[in-house]
Each structure stands twice: as structure tokens, then as C-alpha cells.
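*Asks:* build me a structure from this.
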Amino acid sequence: MAKKRKSDDSACYGARKRSKPATPACRSPRLGAPASLLARYYPTVVSLKDFILRRLPPSCRVKRKKIETVSSASVHSLLNTTLVGILTESDPATQKLHATQLTAFTQSQRASAKKHSSGSTSSQTCSLAEVVDYAVWSLFQRGPRAYGKPRHLLCNGLQRASPAGRNKSDDNSDSLVCTGIVRQHPNPNIDSLKTAPWLDLFSLLGSHADAIFINLLLDCAIFISLSGGSQNYYQMSGIPVSDLKPLPSDGSPSQTQPSRRRPTAISFARNRILYAKSSLNAKAQVRFGLKHVHVFQRYNHWQDDLETVHIMKYVFPSQFGLPNVFTSALDGQGSGRQPLPDYAYRENEITASNAHPRFWLPKRLRGGPMDLVRRMRKSHAACSYTQLLRHYCPDTGQQTGCLAKERPTASPQASLPLISQPKADSLLGTPTAGDAVSPSTGGSFLPYATSAASVAAFCKSVLLRLLPAYALGHGPTGHQNWHHLLGQVDHFVHARRFETLSLHQVTQHIKIKSVEWLGPHPVRRHVNVCKSDMAKRTEIFHEFIYYLFDSLLIPLIRSNFYVTEAAPSRNRLWYFRHDIWRKLSTPSLDMLRIDMYQPLRSDQVRNILSHRALGYSQVRLLPKADGTRPIINLRRRLVKSINGTRRLGPSINSQLAPIFSVLNYERFRAPDRLASSLFSTSSLATRLKEFKARLPKRARLFFVKVDVQACFDTIPQDGLLSLVDQIISSQWYKTTRYAEVRLAEKGVNCRRKFTHIASASTTDPAFSARIADELVKTKQATVILEAGNARDWQRDQLLGLLHDHVRNNVVKLGKKHLKQKSGIPQGSVLSTLLCNYFYAAFEAEKLGFLNRTDSLLLRLTDDFLLITTNKATARRFAETMTEPHPDFGISINVDKSLANFDFHVGHRHIPQHQGRSGFPYCGITISTTDLQVSKNRKRPPTLVVSHGLTVDVARSAGQAFQNKMVTALKVQMQAMLVDRRLNTRERVLASLMEVLWETAMRMHQYLKAVRAHDRPSPRLVISLVGAFVRFLTRYVNRRHGPDSQLHCEHAITRKQICWMVAVSIEQVLMRKQSAHSQALAWLRSLKTSAAEGLGIDSQTLHRLVANCTTAFEEYIY
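*Replies:* Next comes the predicted model:
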């Protein structure tokens, strides 16, 4: 009998269907963009209707049909527009436990209240209100004990009752939510869940309502749709989405974290090199070299092997089981804004480690690694850091001859080209630090800076002297490894302010197999390395390289140079030798002590800080083209010692958030108090359009602009506090915080934004779904929710906080504490708002004659601009502003004032605006004939385009390039530039062309920086063109519907945008045709195809290109 034919096993296995992997979220396709956002945090996102249908048993056909065909419009809308994020699925045992606890809870509640709640039906054992109260009670039971509360939106404003409060629960029944839980602040989410349409839905579900709602409230998050904006949602229940961590890429909740971080995830904290303080010796002179706290300085007996073992715990902490960047969890409280902790001093960690004897050494670190560290210590003891610094970074241009000397031939790396010497022409004519530079002379600090090439040469020379020649291998491979490492050091020094390197970038081209000291002891040469041994060698080598950059290179730069950005060059970093910076900055700091601050004795400092929760701030100097500007950072979190552990406390600005939110609330409640104040240039267009609408045709316009000298420093404190006392009129205020969560560019990750909000009522909530609906009117695909921290403030508390901030503003200058004598603190979150309120009072008292239909007064903080058709009014305004006003502390800088007509104030002549170009004001120009606006390009913020970039080549370089370029385009695109009710069509085209031209220059410099690491593909430019066209097409025409008359007459078509994008990028890339030949060919073909039927005459096109060429001829790109 023949055998029955069977299918082949391999074929069967090959054809078998595999289960689909977990998607980022199981969601219905009709839910749209908000579900994509929530899918980053929840394994499953469904509509409320689908959630209920999944929970109903299959036998409940009648109830399923009722849910499908519900007649109530409100319930139908609730079921179909509400989203549910399912975080966890409860098992049957947990559901049974909840049912038992719910029965006991309702019985105890009814016994205490002696009455039944409304809303229950005969088939339901309890009401919706009791289910919501049980959910709150259950959350507190499984949440933190004592007087804490769980992180759940239903628990906002609630807290555990104190023992005394439980005894008085009958007397305070309004605040009692349920047994042991009291209401401290209003919770609108609980109130909404207990009313229609939720009550109607609860009744519709019958006997299954209890279990479904308990699962919904305890294990899920509820997001209700908002009518404001487009596809915005308000979270009313669940763990705040702003507190959740994104799910892994496969959508499944991560159970375990990876045991060791990849090198691509570890970036050096390069911002630690900024604003370092100098070390002084006993003669108060700057001490060069590594600081005394460095481990090489503290343990200086290099012959002592016990000290060497101790230092190896700094170099290879992971091998000793100490906290390290590869395996340890990051603590945001201890590291602040730094992505990784600072391990410069780890004696406490070493002392606390009891896993091994004190001088135990892992077997893998014996031999080669120990000998390497010992030789590094010996080289450090023999290294003359001061002489190396004087050689490579001299303080005078006359010493350039010594820089031409070659390195000693004994070092195998001396001939490497990356050990670059500074160019002689960069130091010729450089002034010495002994020349007089002070605020009175107006001299710039920048000519005294050391070039980045010199700093890099100094750093590389130190590393070459500290590390033995075999540290990176032998022979040609070793030379290649040294060449790559020193090149990364050079890149580390030359990088811009916000750029950094990852450990992967530094180590990816180093051949670890040739580094023999990484092998096991004793060393066996010319033996194949197994996979496990290679992994161990890589692990040890990564620790060694991380130590070189994090604990040698960064401290070396900090101890020898003051590194800072400068106002003219944006993101470029300037290196000043500490002794030179000390000589330059001392006169400026002395002027600050005399003019703005008064010194405090040590007992005064202790007295003020002991009664002051705000703490103190620190001052640094920012170099400008003609002097310096003091920068006071009030956003910096101060380090506090809590139980012997250094922790970061709140910043001054974060502590001022309540008074800021209250002043903002009063600002929107009474906007007339702010008079002509502008909080940004974006609000300028509305004022100009309103003024332009009431102007007679062909009316001559007179412009006067005045600038107040040092506005923040001259505002009288008494007058300001008296004014704020009138503004804050209510006796009580309630403040809270809300969060906005939305997808970032290309949906790669999510962005969170936290904002404080206030109200003048303590009985009504400061934040609710109704308020959220108003806040999201201009937003899209955003989830908004209350983030907690609600608090009631008495009027005297707020005024006291403001009084302490203004009257007792303490700053630390070096080692001295100073107190501000006059004005308001710069850098404060309140400064701009207080200045606007104060100058608005000045306008009401002194400039009342400008309340005319033929005049428009604008003021952006301290910059006044008057536009009027009456020349006498313009003269009177200028005369009034130049008069002394001691009550308001206003003094006008006549040299910075400007008018478009000839005018004298006394014996001083106000500069007159010449030519037909627009009148400059706060970075824009306004036409003196028809009020058209454009960007002011007469004085660009920086002539060198590359200084404003931040290049990211670590991971996803192509995606980062496109995101940064599109963001740069969005930042420059202001709505008023393309507003066709304010500008003509040609003016809009010219503004678009200028913005595209400037973005193309940034793109060119970005690609040039990327080419230093990897040759970019021409497809990057092609894809970027498409992104530009898509964004501009939506942006330019979104404010006018397709049927509006203005849209039909002045529409800017997609073809015109394509032509402008192609021409702008082509004209910029033509400077480097050899590097972009393929991209240029594609751009020319796009330009040719878009030129057909363009709808713009050739003269206008030629004029657009010529204007851009003239506007950017001084830019260096």
C-alpha cells in the first residue's frame, strides 16, 4: 500500500504564517494623528466605543447593539471621539478582587452617608459616583503611603486626611471625597466623570458598567477631544502622559534595560569646558596645568603601586564595579542638564564600595593596563604644562617664531599632520593682555583670544607626552590610530557651542586588535583573538578612551582656558588663557561692583540667604564687538547638600513661576494696562494693519525711534513695587501647571512643554477642559493635561516674593556676594513683563497726547517707535522722550535714536534715516511710504554663516540635516513677511527669496561640515528641496481660503515656490560646483521646468535675484 503523500516539512515551515509583531499601538486607522502620538506611550490605543465593545461578553448582543446605535448625540460623540490608552490589562483575579472591594466600599460609604447616591438602576449595584470614588480610593491604597499621593490625574488636588482631619470629617463634609481622602483643590476631572454624558453611558451598560469603568479608570488613560485647533485632546484620567517614558521601537513595554550602553548613546559632556574658574597659587597668580583636585595631582607618587591601583579605579570604573557611564542609571537630580555625571571626584564611591578589598585589582587589568597607568603618572610628573602652554598659546604676537619649531623626533607621532601649529597670520598684530581694555575704552576682548588651532595643538601635545607610544598600538596601525585620535581631539576643540562627540565617533576607526596592552596577562602575540576576548578588549578600551576625553581633555581645557561664546559670532567658541582673561575682565567686573551692585559682608550674606528661599545667581561676562555684557543666569539650579548628598535645588526662575503666572493672568484680564507693549515682533503686524486701514491715501508718514539706556538697571524699585501692588488686585490666587505633548519633526520623538497658569478664584479650578480648549486654538495634534502642583497663594505672599526678588537680588561675583542697588534683575523671567507694565504707566502719564487716530506708538520692551502723519506730534514725542524723567528712570540714548526727517533736540541732532530702504526697528524694516515689512539685513547678526550652525553627525546624520534645515526655514519665516494684507505680492516674493537664500547658505555650510566626516549624497539636497516646497506651499497660502478674492488675485503658486527654491539653492551651491555637480544639474532642470507658465515677468525675476545677491554679498559662506 502506497504511503499517503505528505507535504515537505521545509515547505510547510516556510509557508507557515507568522504572528504579526506588536505594532507601536493597536489602533483603528480612523483615529488619525493623535493615536500616533499616544502610540509612543501606550501599547494599545482605541476609541472608547471599541474599548467597551471589547469588554462586553459576546452574549450581550442587546447591549452591543445599543452601543452601536446609541440615540443620544452627546453619548455618540463621547464614544466615537474619546481615545483610550491601555497601559496594562488586568487579569480575572484582579477583576474579581475589585468587584469584592467595590461592594465593601459602597456599603461603608452608604453607611457613613446614610443615603444612596443618585443615578443607579435596578440592575446596577452602585452608582457612577461610587465607582469613581472607589477608583480614587483604590489609587491611594496602592500609591505611596503616608501623606503622598499617586501620580494619577484623578488624584490631583486630593490628599490623605490627617488623623485630626479624619475625626472632623463630619464637620467638613464638602472637602471629604471618601474615607480617608480629602479634597484640597478642585478636580474638574472627577466632577466631569460623575455627570452627563458619562452618567448616561454608565446607565446604558447596565450590570457590566462597574467592571468596565473600574478597568477604564484604573488601568487606562482617557483622552477627550477638544473643539479648539485641529485634532487636539485633553487627558482627563490616567497616569499623566507627560510622566510616561516612550515605548521601545517594537511597541512592547520594556521589562529590562540593556546591560551596557552602546558607544553611540554615550556623548562627552563638552559643555563642561565653558565658563571655568581659574586656580590661583599663594601669590594670587593663575596656576596652569591640571587642577589640584585632579586625581593625578592628589596622588603624585608614581612609584607607589597602591596609588596606581587607586587611580585605575578612575580610569576603569566598570571593572571595579563602580558607577560608570556604561552601566549605571543616570540621576537627573545629581547631574542637572548634563547628559552624564561628572566623575572627576569619586572618592566617596570608592570608599562606599565593599565588594572587594581596598587594593584588589581585577586579573584583566594586571600587567599591561597597570603599566600603562603607571607610565602616564610618571609622564604627568615630568610634564611642564606651563611651558607647553607658553609655547603653543603665547600671549603676544611677537612670539610667533617659536611656534614654527618642530616636535622632537623621539615621539613616533611627531610627524603627524594633525599636530597642526597655529597660523602665523592669526597672531600677527594681536595685542597683549597688558594693553588697556576697559568698559570706558570700549575695546573688544576678542583680539586677545587664543585660536582654536593653538588650543588643539596644546591639548594634543599634552596627550602625546602623557601617553606612551604603544598606548594605541604598534607599527603602521598604531600610527593610524594616533592619527585618528588626535584628529578627534582637534574636532573636539574646534566644535561649536552645542556640538559634541560620541564615544562611537572617537573609537570607530581605531584598530583595537593592534593595542597589545588590552590582551590578557601575560601577553601572547600573533594569536587569533576569540570573540569573548575581543569584546573584553573593546570594553576596556572604551573605558580608557572615555577617561581620556572626559577626565583628562576636558579638565585640561578648563584649568588653562576660559571658554565662552561671543555676541558677534553666536555659536563659535573663544578660548582665552586664564591669566589673560583675568586681566581683561577685572576692570569690567570692578565697574559692575561700583555702578550696579553694593558689596555685602559675610554676616549680611548669611542673614539674607538664611531668610531667602530664592538663593543667589552668578554673573559672567559675554564679549561683544565693543566691550562686554554682563549675563546673569537665573535659570541655573543651585547645588544643595541633602543628607550628605549633593542635589540640585530649584532655580530662581522656577521659584518665581507663581508670580509670573499671576502677572500673566492679570495681563490677559486687563490688557489696556500694557498700552503699546509688544511681547514679540509677531504681534507687530496686527497693529500695523489696523493703523494702515485708517490712514488716508498717500499720507506722508513720520517715523521716530528712541532707545532707553540700560532700562532694566534704571527702573526705580519703589515705583515698580507700588505699581505691581495695584496690578495684583485679588486677595487670593490659585496656580497650577499644565503640560503639552506633541510629536516632534517627522514624528521621530515627542516634545513636552510645561507652563504655569493662574486664576483669581480658589473655588474654581485654574485648569480644566474648557480652559484647555482655549489654549489649543492655534495648535494641531497636541495632548494637553494638568501636571499638578496646584497651590493657593495669598496676595501678600506673592508681593513678598516679588519684593524679595527685587530688593534683595544677590549675585556672586568671583568669591564675593553683591546686592543689586537699583533696577530689576536681568535674566529674570519677570523682567520683560515688569518693564512693560512700568513703561505703560509712563505712557499713560507722559504720552497721553498720542491717543490719536493718526498716530501709532509701538514699544518692544525699551524700544519706542512712533508712526504718525502729524510732524508736530512726532517732534513733541521726541522732545518729551529726551526730557529727564527721574520718577521713571528713563534716559534716552540719542546716538541710537532715529527719525526719517531732520530734527534737533536742543543742541543734539537726532540721526536721520536716509535712502529709500525701510525704517529699521527690532530686526525688521518698515516702509516709510506704505508700511510694508521685511527683514532687516543691513546689520546681520553674524557675517560668518557657519558660526550659527550646530552640526550633528553622530546618529541619523541625514535626518538631522533635513530637520535642522527645515527648522531654520521655519524660524526665519515670520507670518508678517508673507501677509498679503500688509505687503504687495512682489514684496512677499522678495521676502521668500531672501529667506530661502539665507537657508541655502546655512545648508551649504552644513554640508561642508558633514563632508569632513562623510561624503553626503546628492539625494540629501533633492529631498530637502521637496521638504521646503511642501512647507512653504502650506505656510504661504494657509491664511486665505481658496475661494477668497485675495487668494485668487495674489496667490503664490507651488510652481513659483519651486522656482524660488531651485534658484536660491543653485546660486549658493555654484560656489562649490565640483562638490555638488549632480545636485546642481537636478536643480537646473527643476528651475527650467518650473519657469514654464510661471506667471511672473522676467524683469521681476531678475530683480529678485539681483536684490538677494546684493543683500548677502557681505556674508561669508
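*Asks:* tell me where the model's unsure across the stretch 651-800 of the chain.
*Replies:* Where the stretch 651-800 of the chain drops to pLDDT under 70, the residues are 745-748.
*Asks:* which stretches in the stretch 201-350 of the chain count as helices?
*Replies:* 209-219, 295-298, 305-315, 332-335, 347-352 (DSSP state H, counting those that start in this stretch).
*Asks:* what separates the residue lying closest to residue 480 once chain neighbours are set aside from residue 529, distance-wise?
*Replies:* Closest residue to residue 480 apart from its sequence neighbours, by CB to CB, 6 or more residues apart in numbering: residue 511 at 7.1 Å. Just so you know, the C-beta spots here come from the backbone N, C-alpha and C atoms, and that holds for glycine as well. Between residue 511 and residue 529 the computed distance is 12 Å (CB to CB, to the nearest Å).
*Asks:* just residue 227 next, same as before
*Replies:* As judged by CB to CB, residue 227 and residue 529 stand 65 Å apart.
*Asks:* so which of the two has more stuff around it?
*Replies:* Each of residue 227 and residue 529 has its neighbours counted (other CB atoms under 10 Å); residue 529 has more, 14 against 9.
*Asks:* what's the spacing between the closest residue to the more buried one other than its chain neighbours and residue 319?
*Replies:* Once flanking residues are discounted, residue 529 sits nearest to residue 513: 6.1 Å by CB to CB, 6+ apart. In this view, residue 513 and residue 319 are 20 Å apart by CB to CB.
*Asks:* over to residue 726?
*Replies:* Remark: distance between residue 726 and residue 319 (CB to CB) = 66 Å.
*Asks:* so for these two, which residue has more residues nearby?
*Replies:* Between residue 726 and residue 319, counted using other CB under 10 Å, residue 319 has the larger neighbour count: 20 against 10.
*Asks:* tell me who's in contact with the closest residue to that one other than its chain neighbours.
*Replies:* Of all residues not flanking residue 319 in the chain, residue 362 sits nearest, at 4.8 Å (CB to CB, 6+ apart). By CB atoms under 8 Å, 6 or more residues apart in numbering, residue 362 lies in contact with 316, 319, 320.
*Asks:* tell me how far the second one lies from residue 946.
*Replies:* It refers to residue 319. For residue 319, the distance to residue 946 (CB to CB) stands at 41 Å.
*Asks:* then residue 929?
*Replies:* Residue 929 is 37 Å from residue 946, by CB to CB.
*Asks:* the more surrounded of these two?
*Replies:* Remark: of residue 929 and residue 946, residue 946 carries more neighbours, 21 against 12, as counted by other CB under 10 Å.
*Asks:* gap between that one and residue 569?
*Replies:* Counting by CB to CB, the gap from residue 946 to residue 569 is 10 Å.
*Asks:* now swap in residue 1085 and tell me
*Replies:* 38 Å.
*Asks:* looking at the two, which one has more neighbours?
*Replies:* Of the pair residue 1085 and residue 569, residue 569 is the one with more neighbours under other CB under 10 Å, namely 21 against 11.
*Asks:* from what I see, that one and residue 945 are in contact.
*Replies:* No. Judged on CB atoms under 8 Å, residue 569 makes no contact with residue 945 at a distance of 11.1 Å.
*Asks:* buried set for stretch 573-593?
*Replies:* For stretch 573-593, the neighbour count (16 or more other CB atoms under 10 Å) marks 573-585, 587-589, 592 as buried.
*Asks:* show me those residues that map onto strands.
*Replies:* Among these, the members found in strands (DSSP state E) are 573, 574, 575, 576, 577.
*Asks:* for the third one, give me its contacts.
*Replies:* Contacts for residue 575 (CB under 8 Å, 6+ apart) come out as 393, 449, 450, 451, 452, 454, 455, 493, 557, 561, 562, 563.
*Asks:* now the residues you listed as CSV including distance to residue 128 and pLDDT?
*Replies:* Shown next, in CSV, are these (distance: CB to CB, whole Å; pLDDT from 0 to 100):
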residue, distance to residue 128, pLDDT
393, 74, 96
449, 70, 96
450, 72, 96
451, 72, 96
452, 68, 97
454, 74, 97
455, 69, 98
493, 65, 97
557, 64, 98
561, 67, 98
562, 65, 97
563, 62, 98
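*Asks:* so which of those residues wins on neighbours?
*Replies:* For the contacts of residue 575, the largest number of neighbours (other CB under 10 Å) sits with residue 561, at 28 neighbours.
*Asks:* next up, phi/psi of that residue, please.
*Replies:* phi -140, psi 150 (degrees, to the nearest 10).
*Asks:* not counting its neighbours along the chain, what's nearest it?
*Replies:* Leaving aside its chain neighbours, residue 561 sits nearest to residue 575 (4.6 Å; criterion: CB to CB, 6+ apart).
*Asks:* how much space separates the one you found from residue 494?
*Replies:* According to CB to CB, residue 575 stands 10 Å off from residue 494.
*Asks:* anything in contact with each of these two?
*Replies:* Both residue 575 and residue 494 are contacted by residue 452, under the criterion CB under 8 Å, 6+ apart.
*Asks:* circling back: looking at the contacts of residue 362, which is nearest residue 1100?
*Replies:* residue 316 (67.9 Å; CB to CB).
*Asks:* before we move on, the earlier item: from the ones in strands among the buried residues of stretch 573-593, pick the one nearest residue 783.
*Replies:* residue 573 (38.2 Å).
*Asks:* would you agree that closest one is in contact with residue 449?
*Replies:* No. Distance between residue 573 and residue 449: 9.5 Å, which falls outside the contact criterion (CB under 8 Å).
*Asks:* mutual contacts of these two, please.
*Replies:* By CB under 8 Å, 6+ apart, no residue touches both residue 573 and residue 449.
*Asks:* how about residue 560: what's its closest non-neighbour residue?
*Replies:* residue 288 (5.4 Å).
*Asks:* so who does the one you found touch?
*Replies:* Residue 288 makes contact with 385, 386, 389, 559, 560, 578 under the criterion CB under 8 Å, 6+ apart.
*Asks:* next, count neighbours for the closest residue to residue 131 other than its chain neighbours.
*Replies:* The shortest distance from residue 131 to any non-neighbouring residue, by CB to CB, 6+ apart, is to residue 213 (5.0 Å). As a burial measure, residue 213 scores 22 neighbours (other CB under 10 Å).
*Asks:* got the contact list for residue 213?
*Replies:* Residue 213 sits next to 128, 131, 132, 135, 202, 205 when contact means CB under 8 Å, 6+ apart.
*Asks:* one more: residue 598?
*Replies:* Counted by CB under 8 Å, 6+ apart, residue 598 has contacts 818, 819, 821.
*Asks:* can you check residue 1011 too?
*Replies:* Counted by CB under 8 Å, 6+ apart, residue 1011 has contacts residue 1075.
*Asks:* ditto for residue 520
*Replies:* Taking CB under 8 Å, 6+ apart, we find residue 520 in contact with 364, 533.
*Asks:* ok, 7 Å please
*Replies:* Neighbour list for residue 520: residue 364 [criterion: CB atoms under 7 Å, 6 or more residues apart in numbering].
*Asks:* in what helix or strand does it lie?
*Replies:* Assigned by DSSP states H and E, residue 520 belongs to no helix or strand.
*Asks:* check it and give its pLDDT.
*Replies:* For residue 520, the pLDDT comes out at 85.
*Asks:* only alpha carbons, please: show the helix or strand containing residue 464 as PDB.
*Replies:* If you go by DSSP H and E, residue 464 is part of helix 452-466. Taking C-alpha atoms only, helix 452-466 is exported to PDB below (Å, rounded to 0.1, in the frame of the first residue of the first chain):
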ATOM      1  CA  ALA A 452      41.300  77.100  18.400                       C
ATOM      2  CA  ALA A 453      44.200  75.600  16.400                       C
ATOM      3  CA  SER A 454      46.700  76.700  19.100                       C
ATOM      4  CA  VAL A 455      44.500  75.200  21.800                       C
ATOM      5  CA  ALA A 456      44.200  72.000  19.900                       C
ATOM      6  CA  ALA A 457      47.900  71.800  19.400                       C
ATOM      7  CA  PHE A 458      48.500  72.300  23.100                       C
ATOM      8  CA  CYS A 459      46.000  69.600  24.000                       C
ATOM      9  CA  LYS A 460      47.500  67.100  21.600                       C
ATOM     10  CA  SER A 461      51.000  67.800  22.800                       C
ATOM     11  CA  VAL A 462      49.900  67.100  26.300                       C
ATOM     12  CA  LEU A 463      48.300  63.800  25.400                       C
ATOM     13  CA  LEU A 464      51.400  62.800  23.400                       C
ATOM     14  CA  ARG A 465      53.500  63.400  26.400                       C
ATOM     15  CA  LEU A 466      51.300  61.700  28.900                       C
END
